[in-house]
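Visitor: sequence plus predicted model, see below.
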Amino acid sequence: MNILGISGSLHKESKNTALLRAASQMFPSTVEFEEASIELPLYTGNEERGQLPDSVYALSGKVREADALFITTPEYNWSMTTAMKNFIDWMSLGGPNAPINNHVVALAGVGGGRLGSVRSQMAIRSSLLHNKVWVVPGPEVLIAPTGDLFDDNGDLTDEFAVNLLQQLLDTLVDVAPLLRNLNS
C-alpha cells in the first residue's frame, strides 16, 4: 500500500509536519509512505488543462498513484491553511479525472487552543466532498499544542495522542484498499 503524507503547514518548525513525520514511523511495514510538499503556485482559476506548473504536475501524479492520503493540518483563522486550500483546488482540476477523486483520506492535526484543529478538519472535509473523497470518520485526532508533544528526536511523546493516532492510521490502512477498489 502506498500512502502519501501531506502537511497543511509550510512553517519551517511546524508541529503538524512533525506529527506527519511521527506518524510515518507508525505504519506497518506493508505501507510505503512518502511525504509530499504542497508548496505550489497560487491557483487562480486561469490555468488551462495541459499547462500545469511542473510542481503541480508532479504532485498530481503522486496523488493519483497513492492508495490513500494522510493529512496533518493546523488551523488558521478558524479554517484550513491557504496552502491546504490551494492544494485541494489544484488536485480538483480535471473534472471526473481529477487526481484526488475517490481517494481515502485520514486527517489529524495540532492546532491552537483546546479544540486542536477541529474547524480546519471540518473545512477540509467539506471541500473534499466535491471530489467524492472518503474521509476516515475517526477517531478524530485533534491535538492542542503543548511544549512536550515531541522529544528532541521528533518522536510524539503524548501517550493519548499516540494511541489516537495509531487507531486512525490502522483504520486508514484497513479501509483504504476496500474503498479504493469500490470506487474504481
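Guide: Ah, there it is. Numbers count the residues shown, from 1 in each chain.

Visitor: state the number of residues packed around the nearest residue to T30 once chain neighbours are set aside.
Guide: Leaving aside its chain neighbours, T30 sits nearest to M1 (6.1 Å; criterion: C-beta to C-beta, 6 or more residues apart in numbering). Heads up, the C-betas are built off the backbone N, CA and C, glycines and all. Using other C-beta atoms under 10 Å, the number of residues around M1 comes to 16.

Visitor: who does the one residue sitting closest to the centre of the chain bridge with?
Guide: Centre of the chain computed as the mean C-alpha position; nearest residue by C-alpha atoms, centre = their mean is I71, 1.4 Å away. Judged by DSSP bridges, the bridge partners of I71 are I6, L107.

Visitor: per-residue confidence at it?
Guide: The predicted local distance difference test score for I71 is 98.

Visitor: residues contacting it?
Guide: 5-8, 84, 105-108, 124 (C-beta atoms under 8 Å, 6 or more residues apart in numbering).

Visitor: repeat that for H130.
Guide: Listed by C-beta under 8 Å, 6+ apart, the contact partners of H130 are S92.

Visitor: phi, psi for F33 please.
Guide: When quoted as degrees, to the nearest 10, the phi and psi of F33 stand at phi -110, psi 130.

Visitor: make sure it is actually in contact with R21.
Guide: No - no contact is recorded between F33 and R21 when judged using C-beta atoms under 8 Å, the distance being 9.8 Å.

Visitor: all helices for the protein, in order.
Guide: Listed in chain order, the helices of the chain (DSSP state H) span 15-24, 54-65, 82-91, 118-129, 159-183.

Visitor: tell me how many other residues crowd the closest residue to F27 other than its chain neighbours.
Guide: Distance criterion C-beta to C-beta, 6+ apart; nearest residue to F27, sequence neighbours excluded, is F33 at 5.5 Å. Other residues within reach of F33, judged by other C-beta under 10 Å, total 19.

Visitor: distance of F33 from M1?
Guide: 9 Å (C-beta to C-beta, to the nearest Å).

Visitor: what's the answer for D170, then?
Guide: Taken as C-beta to C-beta, the spacing of D170 relative to M1 amounts to 12 Å.

Visitor: closest one to V141 among the helices of the chain?
Guide: Go through the helices of the chain one by one with C-beta to C-beta and the one that ends up closest to V141 is helix 159-183, at 4.9 Å.

Visitor: distance from the chain centre to the closest one, please.
Guide: Its chain's C-alpha centre lies 13 Å from the corresponding centre of helix 159-183 when counted by C-alpha atoms, centre = their mean, to the nearest Å.
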